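Sequence below, structure please.
(chains A, B, C and D)
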2 protein chains.
Amino acid sequence: MENDAPAARTPPAPPPGDSRPPGTSRTESGPESSPESQPDHPRAAAKPSKSEQTRSLILETALRLFQDRGYDKTTMRAIATEAGVSVGNAYYYFESKEHLIQGFYDRVTNDHIEAAQARLRGRTDFASRLQVTLEAWLDAAEPYHGFSVQFFRNAADPDSPLSPFSAESYPARQTVVDLYRDVLAGSAMKLDAEMAEILPELLWLHQMGIVLFWVYDRSPDSARTRDFVRRTTPMVARITSLSRYKLIRPLVRDAEKLVRDFIVPDGIGTHERPPLR
Amino acid sequence: MENDAPAARTPPAPPPGDSRPPGTSRTESGPESSPESQPDHPRAAAKPSKSEQTRSLILETALRLFQDRGYDKTTMRAIATEAGVSVGNAYYYFESKEHLIQGFYDRVTNDHIEAAQARLRGRTDFASRLQVTLEAWLDAAEPYHGFSVQFFRNAADPDSPLSPFSAESYPARQTVVDLYRDVLAGSAMKLDAEMAEILPELLWLHQMGIVLFWVYDRSPDSARTRDFVRRTTPMVARITSLSRYKLIRPLVRDAEKLVRDFIVPDGIGTHERPPLR
DNA sequence: GGGGCGGCTTGAACACGTTCAAAATCACCC
DNA sequence: GGGTGATTTTGAACGTGTTCAAGCCGCCCC
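Numbers count the residues shown, from 1 in each chain, chains lettered A, B, ... in the order given. Modelled structure (predicted):
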């Protein structure tokens, strides 16, 4: 939407450098997440610059209102007013209303990883590790089930920067893939080296599938999804374990190639799709 | 969205009866498609009432503009102007801009069914029947690949009437399920009677999966999706054939129950399965 | 102090989807 | 023809997401 043909009225160009104000890594500035872009002060616990304060104030307010009134009924004006800033200011920190949802996603991801790691400690059975990891996600996401649909509407658009396959989503995605790498590594399961490299990504995809299921699930407390996880995890584990055998590996490779093809590389921008025909 | 809390400003009630103006069956009134829903006047070839003319004029215009400029860049004002009517008039016939997309979907569905039936004639091998059916869909949909994303954004919202699982989508969905019933019935494959009842729905779901893949597929002429279909169809056929065996059937039943749970029942008449053709 | 300079903030203005009360047109009967 | 009620059509107005030119503020250097 932003790199479409200009709206014919936009004169010069974007004011802030190119995209994001400072201190704006996609994965929320959790206590000790991966010191990604700028490993400036790995120690300095909190240096909430004025800018960062404003940013998170807006985000907090938005998420609160989203939960209270739902996404659609929360206007940007309301968010701004409630946060005590101007609309324009909200847009200075977030490219669009939808980008605020990314905040929710980042938060869930962080909570998930933390909770999962706690539950994984001491467990070595792979199926069990996989199951607790997925359940940890469900627990982390449950409070936001109400407007998760909004998030998924964007996920369905491969062009949206909010799509889990997008380049912009790369850091967040990688964090989760790493989690699954750990789920595998910490298990007693024997694995081929190449498969150990490939499987985490596929397990991430599997989680995406579960999430899709969950979005559609209306049962109280997402009981149906939980049931689904409980029942299918052993199957997935079995398949994973089969990847040891030469016979199966090519299949796994194919699957991985497939995923990789859909992930838009962290390179030049979006394949501008011409207006068709 | 329409049955949320009222907008507090809408005084009495909707002006047109309850929902749709006359002559507005969901499956498009193609020139000589299958005289489906109402075989009232099997003869009267065309009685395009003024109302119906206006409606289809608007739809045609919209679809044309969508193809020319893309969905986002086509404004309701542009559609109305181009069609020579007022914006309000467009809204008289279509609840929203997104509902216009339903027109595209209906059209593709009709084209698909027609093409599939032609290609099915003479074929008895199930795998082959399945494959040509899916390929027929790809061919029918290709011209609209450009804005298929738009359609799928809504599909991702279980609440949207545009979701393939919605009650409003019931007729269109049923038409396709019937097609798959035929794909099965016309094949040489032996089937358990109960499975024959259940499988068409699952094959429909399978098609939805392919569609999802296709939406994301950027390869020229959707080559990757075609490849995918070619490679996975035999597998699906094998699984289908396995449903003959007692051991597998419960699994199929489970899968079907799952689908059924997500499909929102058609308002009043719970799940009546209408006479199949 | 003054003069930049760059990050931050503002709010009016814009474009677009959508609504609605009123007007126009049609259908039908006396 | 004329009346009457339904159907269709109109376009101004509204609310919302988004943009942008202009202003503000803190900081550094002379």
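
what about whichever residue of the stretch 51-200 of chain A sits closest to chain B, how many residues close to it?
The minimum distance from the stretch 51-200 of chain A to chain B, using C-beta to the nearest C-beta, falls at A:Ala156 (4.0 Å). Where C-beta positions appear, they are placed from N, C-alpha and C, glycine not excepted. Using other C-beta atoms under 10 Å in any protein chain shown, A:Ala156 has 22 neighbouring residues.

List phi and psi for the residue nearest to it when sequence neighbours are not counted.
Closest residue to A:Ala156 apart from its sequence neighbours, by C-beta to C-beta, 6 or more residues apart in numbering or on different chains: B:Ala156 at 4.0 Å. Reported as degrees, to the nearest 10, the phi and psi values for B:Ala156 are phi -80, psi -10.

residues touching B:Ala156, list them.
Taking C-beta atoms under 8 Å, 6 or more residues apart in numbering or on different chains, we find B:Ala156 in contact with A:149, A:152-153, A:155-156, A:215, B:163.

measure it to DNA strand D for me?
Going from B:Ala156 to DNA strand D by C-beta to the nearest atom of the strand, to the nearest Å gives 18 Å.

If I look at that residue, what pLDDT would I see?
B:Ala156 is assigned a pLDDT of 74 by the prediction.

Give the burial count for the closest residue to DNA strand C within the stretch 51-200 of chain A, as a bare number.
Ranking the residues of the stretch 51-200 of chain A by distance to DNA strand C (C-beta to the nearest atom of the strand) places A:Gly88 first, at 1.9 Å. Residues within reach of A:Gly88, counting by other C-beta under 10 Å, total 9.

For the stretch 151-277 of chain A, just list every one of the helices.
A:170-185, A:193-216, A:223-242, A:249-262 (DSSP state H, counting those that start in this stretch).

Out of those helices, point me to the one whose mean pLDDT is lowest.
helix A:249-262 (a mean of 82).

need the contact list for A:Arg119.
A:132-133, A:135-136.

From these, pick the one nearest A:Trp204.
A:Thr133 (10.8 Å; C-beta to C-beta).

List buried residues within the contacts of A:Arg119.
The neighbour-count test (16 or more other C-beta atoms under 10 Å in any protein chain shown) marks A:132-133, A:135-136 as buried among the contacts of A:Arg119.

re the thing from before, of the helices of the stretch 151-277 of chain A, which is nearest B:Gln174?
helix A:193-216 (19.8 Å).

For the closest one, output the C-alpha coordinates as CSV.
In CSV, the C-alpha atoms belonging to helix A:193-216 read as follows (Å, rounded to 0.1, in the frame of the first residue of the first chain):
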residue,chain,number,x,y,z
ALA,A,193,22.4,-33.2,10.9
GLU,A,194,20.8,-31.8,7.8
MET,A,195,17.3,-32.4,9.1
ALA,A,196,18.2,-30.7,12.4
GLU,A,197,18.8,-27.7,10.3
ILE,A,198,15.6,-27.9,8.3
LEU,A,199,13.1,-29.1,10.8
PRO,A,200,12.8,-26.0,13.0
GLU,A,201,11.4,-24.1,10.1
LEU,A,202,8.9,-26.7,9.4
LEU,A,203,7.8,-26.9,13.0
TRP,A,204,7.3,-23.1,12.8
LEU,A,205,5.1,-23.7,9.8
HIS,A,206,3.2,-26.3,11.8
GLN,A,207,2.6,-23.8,14.5
MET,A,208,1.2,-21.4,11.9
GLY,A,209,-1.2,-24.1,11.0
ILE,A,210,-2.3,-24.5,14.6
VAL,A,211,-2.7,-20.8,14.8
LEU,A,212,-4.9,-20.7,11.8
PHE,A,213,-7.0,-23.4,13.4
TRP,A,214,-7.2,-21.4,16.6
VAL,A,215,-8.3,-18.3,14.9
TYR,A,216,-11.3,-20.1,13.5
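
May I see the buried residues of that helix?
Buried-residue list, helix A:193-216, by 16+ other C-beta under 10 Å: A:195, A:198-208, A:210-216.

From B:Asp192, how far out is the residue nearest to A:Ala156?
34 Å (C-beta to C-beta, to the nearest Å).
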